[in-house]
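Q: Got a sequence here, can you build the structure:
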Amino acid sequence: MFGRIRQMLIKEFIQVFRDPRMRTVIFVIPCFQVIVISYAVTTDVKDVPTAVYDLDNSVVSRDLTARFANSGYFDVVARVEREEEVRELIDRGTVGVVLQMNRGFAEDLQAGRTVPLQVIIDGSDSNTAGIVQSYVGKIAREYSQQILAERFERQFGAVRQPGRVDLRTRAWFNDNLESRNFYVPGVLVIVVSIVTLLLTSMAVVREKEIGTMEQIAVTPITPAEFILGKTVPFALIGMIDVVIVTLIGVFWFEVPIRGNPALLLLATVLYLLTMLGMGLLISTVSHTQQQAMMTTFFFFFPAMLLSGFTFPIANMPEVVQWLTYLDPMRYFLIVVRGVFLKGVGLDVLWPQMLALAAIGTATLWAAVRRFHKTL
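A: As a prediction, the model looks like this:
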């Protein structure tokens, strides 16, 4: 038995690694993807291109503009002279924000009247627009409080200020609220998923296309040995990719790994059961490698969208939230982020580990049953 499995393993490794381009696809491209995607996937908003439409052109309006420019969130790239330019800049995407201060801005402030500050935001990207709106509100509030304090001091002199609440917030697990620390572990899950799915989904259908399935069927090898020979090489490749991507996340992007790496590897083994089982299932129902590749992408993208990688599951409709319980990527994401950011152990993550084991076992069993029917 072990001799036959060993020969299958040797055959699969030779078939995978004999093509230099395949070695690049398996090991080099995932590293490249992790680096590029991790830089691209971020919700941090900085240096938003900003235009200023200052009709007052006073010391006060210029001071407020300087506050926006020096905040680090806004980059003043244009000064608008006409109202038509505002629409043109927004339409072309040249700027994302326009600050408009009308005539009499400084005069009304000095007279103690409430002054409107119009901020036009490009709302085509609702997430960025919401974050920019919060930045604008914060700067405007701070400026308004300073004006009130200065006016109070001018009228009543240096008197004792009333007490106030000093708000001090602390973010656990991600002190600087860097979105990269949240997304890089998720990118690890995405890259490992797509590599193992693609490789495994091609495993059986490739034998059909080149005509060796009939030859395998007449050999003494059992279906279980054939499945082991097909899955173990890709499981090892998936584990190696996890280690490589983890090292990139920790040493390149400086994402902390506060938990036990052994727990991460255990969760990876359980998760790979599902990906390998699903890949084999796709491979057995497909007649060509092109069909297998298309089916893989049809499975992968819904699984990614329902996993919570991009959109919070709590914001989804209730029916869709129930569907996410069937998504193994959801559980693996929780484990990966828990190990990386929170440093939690098996006492907290055991429900996710149990779910991964159950889904993985069921998927692999279904793949084996389907392979029996195929033979």
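Q: Does residue 241 touch residue 25 like I think?
A: No. Counting by Cβ atoms under 8 Å, residue 241 does not reach residue 25; the two are 11.1 Å apart. Every C-beta, even on glycine, is put in place using the N, C-alpha and C of the backbone.
Q: Comparing those two, which shows the higher neighbour count?
A: In this view residue 241 and residue 25 are compared by other Cβ atoms under 10 Å, and residue 241 has more residues nearby, 21 against 15.
Q: pLDDT wise, what is that one at?
A: Looking at residue 241, its pLDDT is 85.
Q: Residue 207 too?
A: According to the per-residue confidence, residue 207 scores 69 in pLDDT.
Q: Next up, the contacts around the residue nearest to residue 341 when sequence neighbours are not counted.
A: With sequence-adjacent residues excluded and distances taken as Cβ to Cβ, 6 or more residues apart in numbering, residue 341 is closest to residue 173, at 4.5 Å. When contacts are counted by Cβ atoms under 8 Å, 6 or more residues apart in numbering, residue 173 is found next to 258, 341, 342.
Q: Redo those as JSON lines? Include secondary structure.
A: Listed next are the contacts of residue 173 as JSON lines, based on DSSP: H, G, I helix; E, B strand; the rest coil:
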{"residue": "258", "secondary structure": "coil"}
{"residue": "341", "secondary structure": "helix"}
{"residue": "342", "secondary structure": "helix"}
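Q: Pull out the buried residues from the residues you listed.
A: 341, 342 (16 or more other Cβ atoms under 10 Å).
Q: ok, the contacts of residue 173 vs residue 203, which is closest?
A: For residue 203, the nearest member of the contacts of residue 173 is residue 341. The distance, counting by Cβ to Cβ, is 34.6 Å.
Q: tell me the SS of the residue nearest to residue 341?
A: Assigned by three-state DSSP, the conformation of residue 173 is coil.
Q: Kindly report the same for residue 103.
A: Secondary structure for residue 103, judged by three-state DSSP, is coil.
Q: Does the residue nearest to residue 248 when sequence neighbours are not counted lie in a helix or a strand, and which?
A: Across the structure, with Cβ to Cβ, 6+ apart as the measure, the residue nearest residue 248 apart from its sequence neighbours is residue 34 (5.3 Å). Take DSSP states H and E as the rule and residue 34 turns out to sit in helix 29-40.
Q: Name the residues of that helix that are buried.
A: Taking 16+ other Cβ under 10 Å as the basis for neighbour counts, the residues of helix 29-40 that come out buried are 30, 31, 33, 34, 35, 38.
Q: of these, closest to residue 65?
A: When the buried residues of helix 29-40 are compared for distance to residue 65 (Cβ to Cβ), residue 38 wins out at 34.4 Å.
Q: OK, contacts around the closest residue to that closest one other than its chain neighbours?
A: Take residue 38 and drop its neighbours on the chain: the residue closest to it by Cβ to Cβ, 6+ apart is residue 184, 4.8 Å away. Residues touching residue 184, when contacts are defined by Cβ under 8 Å, 6+ apart, comprise 34, 38, 249, 253, 255, 340.
Q: Might one say that residue 333 is in contact with residue 310?
A: No. Residue 333 sits out of contact with residue 310 when judged by Cβ under 8 Å, with a separation of 10.7 Å.
Q: who has more neighbours, those two?
A: With other Cβ under 10 Å as the criterion, residue 333 and residue 310 differ in neighbour count, and residue 333 comes out ahead with 23 against 12.
Q: Heading C-terminal from the helix or strand hosting residue 293, find the next helix or strand.
A: Secondary-structure assignment from DSSP H and E places residue 293 in helix 289-305. Downstream of helix 289-305, the next assigned helix or strand under DSSP H and E is helix 318-323.
Q: who touches that next one?
A: Contacts of helix 318-323 from elsewhere in the structure, counted by Cβ under 8 Å, 6+ apart, are 306, 313, 314.
Q: average model confidence for the helix holding residue 34?
A: Mean per-residue pLDDT for helix 29-40: 77.
Q: From the contact counts, what lies against that helix?
A: For helix 29-40, the packing partners by 3 or more Cβ pairs under 8 Å, 6 or more residues apart in numbering; DSSP states H and E come out as helix 179-201, helix 223-247.
Q: Quick one: work out the angle between that helix and helix 179-201.
A: Helix 29-40 and helix 179-201 are oriented at 150 degrees to each other (axes from the mean of the first three to the mean of the last three Cα atoms, to 10 degrees).
Q: Could you check the angle helix 29-40 makes with helix 223-247?
A: Going by the same axes, to 10 degrees, helix 29-40 makes 40 degrees with helix 223-247.
Q: Drop anything exposed from the contacts of helix 318-323.
A: So, of these, 306, 313 end up buried under the neighbour-count rule (16+ other Cβ under 10 Å).
Q: Pick out whichever of the contacts of helix 318-323 sits closest to residue 197.
A: Closest approach to residue 197 among these (Cβ to Cβ): residue 306, at 15.5 Å.
Q: tell me the contacts of the closest one?
A: Applying Cβ under 8 Å, 6+ apart, the residues near residue 306 are 313, 316, 320, 323, 324, 327, 329, 330.
Q: can you do 10 Å?
A: Residues near residue 306 by Cβ atoms under 10 Å, 6 or more residues apart in numbering: 313, 316, 320, 321, 323, 324, 325, 326, 327, 329, 330.
Q: before we move on, back to that, closest one of the contacts of residue 173 to residue 59?
A: Using Cβ to Cβ as the measure, the one of those that approaches residue 59 most closely is residue 341, at 46.4 Å.
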